[in-house]
Structure formats: structure tokens, C-alpha cells
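Participant: got a predicted model here, sequence first, then my questions.
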Amino acid sequence: MKIAIFSDTYFPQVNGVAQTLRRLSNHLDKKQITYQVYSPENKSSTTYPNINQFPSLPFFLYPECRTVITNPKKIENNLKQFKPDLIHLATPYMMGLYGLFAAKKLNIPVVSSYHTNFDQYLKYYHASLLEPFLWKYLKWFHQSTEKIFVPSKETQKKLESLNFSDLKVWGRGIDSDLFKPNTDAKEQIKKKFHIREKYILLFVGRLAPEKDLDTLNKIVDKLPSNIKDSVHWLIVGDGPSKEMWEEKEKKQNNMTLTGYIKGDELARIYAGADLFVFPSYTETFGNVVLEAMACGTPAIVANEGGVKDFVIDNVNGRICEKRNAESFIVAISELLGNEKMRLGMGREARGYALTQSWNSIFDGLLSDYYEVIQSSQKLNKKYA
């Protein structure tokens, strides 16, 4: 089996789509499945033998997704030489369009995946008037493919309500050997960031409006004084709102912005936190939430989006009303005030994460690839 992957974002970029596709390519390497990735070129690009990169510009709504400018013939000729059995379109914009048109022209089976709720992003970027046109386009794009992979049941329900068909859940896994509980982590984190407060509250994610940082800001400001004085906020990430949060950090005695962190250091931060606070409701999945859970840290999340697939209220975390800072504050107060409950939720969170291995998830995707390829071959034989 040969696979061609088209995406507007790829490693070493740090968003969820790029990281998932990098893990997928690693799995294909392990399974000795030949693949080629077609992606935009950017400042941080690294050259690999099977990565095809093209000149690009940042996409206005989401700079991590790049707009590729190239001659379609170049891509077609490359695909003719590579002869893939299947094309996977991981994003629905320029790189995805190049892949879709080439697939149809060369009669190659094609699937797509839906990763990002761009319709909700429009509201944060004051572009809601574009929403009907966006959905019309997304439906045309995805329904032009044989199967649409979605990261969660919640996302599947949303697209089904909009009359999308041929949907299949392709979930997300976790590296439970990297992201794991660490009894020494809290003291290490306190020492590194000069934290004196008793509790550490953590946010990890892109510092951008669509993560509902407005609600996070209100949570920070409105915590009761008896709790506020005993907690320290760690804000991990980067993005267009970073400057605003740097200004807030200067005014707060109990907040540290770390910038972007990855790998062992990030896992240590997750494990050292008492609670993971994540108000974003635009997630199609929520990788960072599962990472926190794998480290035994209960997550407090919004009641909308893909996180509802794996955060079970009052079992392995807390689910709060979206955009309601008071709801989050109540959950934080209750869990910080009940250590037995908090630690129990952490154990349940870790237990769930152990069931979500990347290997089983990617093996399931490969099975779906085979199914699409075989169906296409039977169809071609029928009309040959």
C-alpha cells in the first residue's frame, strides 16, 4: 500500500493536526508502508526524503495553515511517478484542493479528515458572515471523497446534523510512556519557575481567541481570594494573544508564561500540576486534555467539543458550562478543597489514557484505508 498525504500544516509545526500527521507518518514507517507527504514550505521546515514542500503564505484565519502557490502539473507529475493507492486529504484548503483535483484527474481513491472547527473560529475573528459559505465549501470538499475521518463522536454528530455522510471516527491516542504521573514533578516545577503557592493550575494550548482565553482570563481574575492566594497559574503555549497575556503576567504575582514547551519537560509540567483548566469549546478532539489525563492530572473542560468523548464528569474530570467562568471556578474550588476526590479523578484519568494507544488507533485507520482501496478496485473492475 502506498499513501499520499496532503496537508496545509505539518511537522515541525506544533498544532494538533501537524503533530497527529507526524505520528501517522512514524507509524507508516514502522509498518514499512510507503508514503509521501505534500505540504507547504515555511521558515521552520525540515527536509525529509518523502516530504514534498511547496512555496506558501500564511492563511489569514489560522497562520499555522499555509496557502500553497504552485503549478498543479508539478503535483500531478509527482503523483504519476509515486503511483499511490490512496490519497488522504488532511486539510480542506489549498494543499487539500491540489490533492483532490489530482486524485480525481488521476482516478486515485481519496479520503479526507475533518480536524478543525473553523466555523467557530470565524466568530472569534469577526467573520461570522462567511459561515454559510464556509459550510457550503466544506461539504462540497469532504463529500467529494470516499470517506471522511473525524476525531470524535461529538464531531461526527455535528457533521451528521449538517447532512454529511460517510463519516468514520478516527480518534487520537496518547504516548503513555512519555505522558505519565511523576511524584517528583511538582517540586521540580516549583523550583524551576520559583513557585511558592500550594497549588498549580495549568493551561496548555495555542494562545489565541478561539481557545476561549476570555473565559480563562475571567477565571483567573474572579477566583475567591482564599483560593487565589494559594494557586499559581502556569500558561504554556504561544500564539497571537501572547502579548496580552504577558501584560497580565506582569500584573499578577501568581502567573508564569512559559512559551512553547514539548517532550519530557511538558510531560513533567502536566504531572506537576494539580488541575488542568481548559475552557476552549472549539476542539474537535483536545489532545492537550488527554495528555494531562495521562499524567494523572484531572481536567476541567467546557461542555462542548470533542473533549466530551473522554472526560467523564465527576469521574476522571469535571465538565463545566462553556463561557461560564463561575462554573469553572466552582469546579476548581471543589477539587482543590477535596484532595481525595481530586487524586481519585487523577487515577481514573490515567487509567483511561492507558487504553488509548496510538498503535491501535493508527492500525484502525490503516484498515479503513485498505477498505477504501479494495472498494475502489472492485468498482474499477466492474466498469472496466
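Facilitator: Perfect, thanks for sending it. Numbers count the residues shown, from 1 in each chain.

Participant: tell me where the stretch 1-150 of the chain has strands.
Facilitator: 2-6, 34-40, 51-54, 56-58, 66-68, 86-89, 110-113, 148-150 (DSSP state E, counting those that start in this stretch).

Participant: want to throw those into CSV with mean pLDDT, mean neighbour count and distance to Phe141?
Facilitator: For glycine as for every other residue, the C-beta is placed from the backbone atoms N, C-alpha and C. Formatted as CSV, the strands of the stretch 1-150 of the chain follow (pLDDT from 0 to 100; neighbours: other C-beta atoms under 10 Å; distance: least, C-beta to C-beta, whole Å):
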stretch, mean pLDDT, mean neighbour count, distance to Phe141
strand 2-6, 97, 24, 12
strand 34-40, 94, 23, 16
strand 51-54, 89, 18, 19
strand 56-58, 75, 15, 19
strand 66-68, 76, 22, 15
strand 86-89, 98, 26, 8
strand 110-113, 98, 26, 7
strand 148-150, 98, 24, 10
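
Participant: okay, those strands in CSV with distance to Ala292 next?
Facilitator: CSV is the format used below for the strands of the stretch 1-150 of the chain (distance: least, C-beta to C-beta, whole Å):
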stretch, distance to Ala292
strand 2-6, 28
strand 34-40, 28
strand 51-54, 30
strand 56-58, 29
strand 66-68, 29
strand 86-89, 29
strand 110-113, 24
strand 148-150, 22
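
Participant: which one of those lies nearest to Val301?
Facilitator: Between Val301 and these, the shortest gap by C-beta to C-beta is with strand 148-150, which sits at 18.6 Å.

Participant: what about the nearest residue to Asp175 once chain neighbours are set aside, how many neighbours?
Facilitator: For Asp175, ignoring the flanking residues on the chain, the nearest one in space by C-beta to C-beta, 6 or more residues apart in numbering is Trp358 at 6.7 Å. Using other C-beta atoms under 10 Å, Trp358 has 18 other residues around it.

Participant: what does Glu247 give?
Facilitator: Neighbour number of Glu247 under other C-beta under 10 Å is 10.

Participant: from Trp233, how far off is it?
Facilitator: 14 Å (C-beta to C-beta, to the nearest Å).

Participant: Pro240 belongs to a strand?
Facilitator: No - under DSSP: H, G, I helix; E, B strand; the rest coil, Pro240 falls outside any strand and is assigned coil.

Participant: hang on, the earlier thing: ok, the residue nearest to Asp175 - contacts?
Facilitator: Counting by C-beta atoms under 8 Å, 6 or more residues apart in numbering, Trp358 makes contact with 23, 27, 173-175.

Participant: out of the strands of the stretch 1-150 of the chain, the one nearest Val17 is which?
Facilitator: Here strand 110-113 is closest among the strands of the stretch 1-150 of the chain (C-beta to C-beta), at 8.5 Å.

Participant: partner strands of the closest one, with direction?
Facilitator: Sheet pairing of strand 110-113 (DSSP bridges) gives strand 86-89 (parallel), strand 148-150 (parallel).

Participant: next, format those strands as a markdown table and append distance to Val311.
Facilitator: Listed next are the strands paired with strand 110-113 as a markdown table, based on distance: least, C-beta to C-beta, whole Å:
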| stretch | distance to Val311 |
| --- | --- |
| strand 86-89 | 28 |
| strand 148-150 | 18 |
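
Participant: now do the helices in the stretch 51-200 of the chain.
Facilitator: For the stretch 51-200 of the chain, the helices defined by DSSP state H, counting those that start in this stretch cover 72-82, 94-106, 118-124, 131-142, 153-161, 185-192.

Participant: and the second one, what does it pack onto?
Facilitator: Under the contact criterion of 3 or more C-beta pairs under 8 Å, 6 or more residues apart in numbering; DSSP states H and E, helix 94-106 touches strand 2-6, strand 34-40, strand 66-68, helix 72-82, strand 86-89, strand 110-113, helix 131-142.

Participant: list of residues touching that helix?
Facilitator: Applying C-beta under 8 Å, 6+ apart, the set of residues contacting helix 94-106 is 4, 6-8, 38-40, 54, 56, 66-70, 72, 75-76, 79-80, 87, 89-90, 108-110, 112, 141, 144-145.

Participant: buried residues in it, which are they?
Facilitator: For helix 94-106, burial by neighbour count (16 or more other C-beta atoms under 10 Å) applies to 94-100, 102-103.

Participant: kindly export that helix (C-alpha atoms) in CSV.
Facilitator: The C-alpha trace of helix 94-106 is given here as CSV (Å, rounded to 0.1, in the frame of the first residue of the first chain):
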residue,chain,number,x,y,z
MET,A,94,-5.1,24.9,-0.9
MET,A,95,-3.0,21.8,-0.4
GLY,A,96,-6.1,19.8,0.1
LEU,A,97,-7.6,21.2,-3.2
TYR,A,98,-4.4,20.3,-5.1
GLY,A,99,-4.7,16.8,-3.8
LEU,A,100,-8.4,16.5,-4.5
PHE,A,101,-8.1,17.7,-8.1
ALA,A,102,-5.1,15.4,-8.8
ALA,A,103,-7.0,12.4,-7.3
LYS,A,104,-10.0,13.0,-9.5
LYS,A,105,-7.9,13.5,-12.6
LEU,A,106,-5.7,10.5,-12.0
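
Participant: now the helices and strands packed on helix 94-106 as TSV including distance to Ser241?
Facilitator: Formatted as TSV, the helices and strands packed on helix 94-106 follow (distance: least, C-beta to C-beta, whole Å):
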stretch	distance to Ser241
strand 2-6	30
strand 34-40	23
strand 66-68	20
helix 72-82	35
strand 86-89	30
strand 110-113	27
helix 131-142	22
